[in-house]
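Predicted structure and sequence below. I'll ask about it afterward.
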Amino acid sequence: MALPCRVIVSGYAHPTYDALLRGWRTAEFRAKTHTDVRTETLWFNFEPPEMLHDSRHRGATFRERQTHKRRLERLQERVHAMDPVERAAFAQWLNTTYPAAQRGGVPLLP
C-alpha cells in the first residue's frame, strides 16, 4: 500500500494487517494492558530516523533509558566544566567530525 505520507499503525499481530501492510517495516514491543503484558506491533511505511527528535526516549527499557540519561548528564557536566578555550576546540572537533548531526546549520555545540 503506497501512501504520500508517513503512517504508523499500532495493534496486535494479525494476518489481516500482515496482508494489507505487506512490505511495511515493523517493530514489536511489550506493553502492559489492564490484565497482563502483551506484544504490540507497529507497522510503518518509512525508514526509521537516524536521529531522534527527543533522545529521552532512546532505549528499549526503563533501565536502558536511565543509563542513557545518566551517561548524557555526566558528559554534559564534563563539557560544562571545560575551560572555554578547550570547550571551543572540542565543539569545533565535534562539528567537523559529525556534520550529519547538525540540523538547519545549528552546530552541536556553540
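Noted; the coordinates are in hand.

Check which helix or strand residue 79 maps to.
Using DSSP states H and E, residue 79 falls within helix 62-81.

The following helix or strand past that helix - contacts with which helices or strands?
Later in the chain than helix 62-81, the nearest helix or strand by DSSP H and E is helix 84-97. Applying 3 or more C-beta pairs under 8 Å, 6 or more residues apart in numbering; DSSP states H and E, one finds that helix 84-97 makes contact with no other helix or strand. Just so you know, the C-beta spots here come from the backbone N, C-alpha and C atoms, and that holds for glycine as well.

The same query, at a cut-off of 10 Å, please.
Applying 3 or more C-beta pairs under 10 Å, 6 or more residues apart in numbering; DSSP states H and E, one finds that helix 84-97 contacts helix 62-81.

Buried ones in the helix it packs on, by neighbour count?
By 16 or more other C-beta atoms under 10 Å, helix 62-81 has no buried positions at all.

Output the contacting helices and strands for that helix.
helix 84-97.

what number of residues lie near residue 43?
21 (other C-beta atoms under 10 Å).

Is it correct that it is in contact with residue 24?
Yes: taking C-beta atoms under 10 Å as the definition, residue 43 is a contact partner of residue 24 at 4.6 Å.

what is in contact with the two at once?
Counting by C-beta atoms under 10 Å, 6 or more residues apart in numbering, the contacts common to residue 43 and residue 24 are 1, 7, 8, 9, 17, 18.

are any of those residues buried, and which?
residue 17.

In strands, which of the shared contacts of residue 43 and residue 24 appear?
8, 9 (DSSP state E).
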